[in-house]
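In: With the sequence up front, the predicted model follows.
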Amino acid sequence: MFKQFELPFPHNALEPHIDTLTMETHHGKHHAAYTKNFNDAAAKAGVADMDIEALLASLDKVEDPALRKALRNNGGGYYNHNLYFSTISPNAAKSPKGELLKKIEAEFGSLDALKEKLTALAAGQFGSGWSWLSVNKEGKLMASASPNQDNPIIEGTGFVPILAIDVWEHAYYLKFKNLRGEYIKTLFEVIDWSLVEKNYERVVK
Ligand code: MN3
């Protein structure tokens with residue numbers, strides 16, 4: 001049984017940045033539905049006990065094409081939203097402090113330069129999708145984007161995402177309408193880099 005990430009704060013806690021109705025709908029409806037549909041498909045495929053990242057990295061082993069597609073879409077949706085909701089916070093640290101900050105400065109020049117790159121990737125993603133900051137076991141960072149509910153694990157890159165920017169319209173349309181760029185800029189107000197840093201340490205150490 002795969003568990004949906006439970007928000008450690010109420011749906012209105014990210015106001016005025018991310019509005020209450022979007023949080024209720026996004027976490028309470030969309031993410032809940034991905035979780036349920038993923039659990040149903042995982043039970044059918046007999047993979048409900050697998051580690052989520054190992055499962056997403058080995059979807060090609062699922063023989064039935066319809067089941068493989070259901071696991072890709074809903075398993076991706078489940079995992080991606082767990083990451084998204086677990087790295088935002090009403091008291092967000094605006095920068096990482098330790099090893100991750102050094103890595104970002106070495107590979108991207110500065111935190112602001114990385115944010116610009118992630119913003120461009122997210123804004124440029126045609127249709128629904130995500131942009132990511134990911135890391136591999138050696139501690140190398142990667143900024144990338146994926147369509148639909150794919151991610152760098154499903155894509156077989158060897159990288160694990162540690163920060164997720166959701167640019168499906170359900171993530172912003174209720175408040176920001178067509179202004180995806182405004183939403184991305186606002187999202188950075190609630191992205192908690194201390195939580196991103198914890199994800200980095202989990203992968204690298
Ligand atoms: Mn979403």
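Out: Alright, I've got the coordinates.

In: Need the CA coordinates for stretch 155-174. PDB is fine.
Out: Taking Å, rounded to 0.1, in the frame of the first residue of the first chain, the C-alpha atoms of stretch 155-174 are listed here in PDB:
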ATOM      1  CA  GLU A 155      13.100   8.200 -18.000                       C
ATOM      2  CA  GLY A 156      16.000   6.000 -16.800                       C
ATOM      3  CA  THR A 157      18.400   8.800 -16.400                       C
ATOM      4  CA  GLY A 158      20.000   7.400 -13.200                       C
ATOM      5  CA  PHE A 159      19.000  10.700 -11.400                       C
ATOM      6  CA  VAL A 160      16.500  11.000  -8.600                       C
ATOM      7  CA  PRO A 161      14.400  14.200  -8.400                       C
ATOM      8  CA  ILE A 162      14.800  16.300  -5.200                       C
ATOM      9  CA  LEU A 163      12.700  19.300  -6.200                       C
ATOM     10  CA  ALA A 164       9.500  19.300  -8.300                       C
ATOM     11  CA  ILE A 165       7.700  22.100 -10.100                       C
ATOM     12  CA  ASP A 166       4.300  21.000 -11.200                       C
ATOM     13  CA  VAL A 167       3.100  22.900 -14.300                       C
ATOM     14  CA  TRP A 168      -0.100  20.900 -14.900                       C
ATOM     15  CA  GLU A 169      -2.900  23.500 -15.100                       C
ATOM     16  CA  HIS A 170      -4.600  22.000 -12.100                       C
ATOM     17  CA  ALA A 171      -1.600  23.300 -10.000                       C
ATOM     18  CA  TYR A 172      -2.300  27.000 -10.800                       C
ATOM     19  CA  TYR A 173      -5.300  27.700 -13.000                       C
ATOM     20  CA  LEU A 174      -7.800  28.500 -10.300                       C
END
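
In: got the buried residues for that stretch?
Out: By 16 or more other CB atoms under 10 Å, the buried positions in stretch 155-174 come out as 157, 159-168, 171-172, 174. C-beta here means a position set from N, CA and C on the backbone, and glycine is covered the same way.

In: among these, which are in helices?
Out: Those of the buried residues of stretch 155-174 mapping onto helices are residue 174, per DSSP state H.

In: which outside residues touch stretch 68-75?
Out: Applying CB atoms under 8 Å, 6 or more residues apart in numbering, the contact partners of stretch 68-75 are 34, 37-38, 41-42, 45, 47, 52, 55-56, 59-60, 62, 148-150, 154.

In: With stretch 177-184 instead?
Out: By CB under 8 Å, 6+ apart, the residues outside stretch 177-184 that reach it are 119, 122, 123, 165, 167, 171, 172, 175, 176.

In: on that earlier part again, from the contacts of stretch 68-75, which would you call buried?
Out: Using 16+ other CB under 10 Å as the burial test, these include 34, 37-38, 41-42, 45, 47, 52, 55-56, 59, 62, 148-150, 154 as buried.

In: Mind picking the two most distant members of those residues?
Out: Maximum pairwise distance among those (CB to CB): 20.2 Å, between 47 and 148.

In: What pLDDT is listed against residue 76?
Out: The pLDDT attached to residue 76 in the predicted structure is 98.

In: thought it was touching residue 151?
Out: Yes: using CB atoms under 8 Å, residue 76 is in contact with residue 151, at 5.9 Å.
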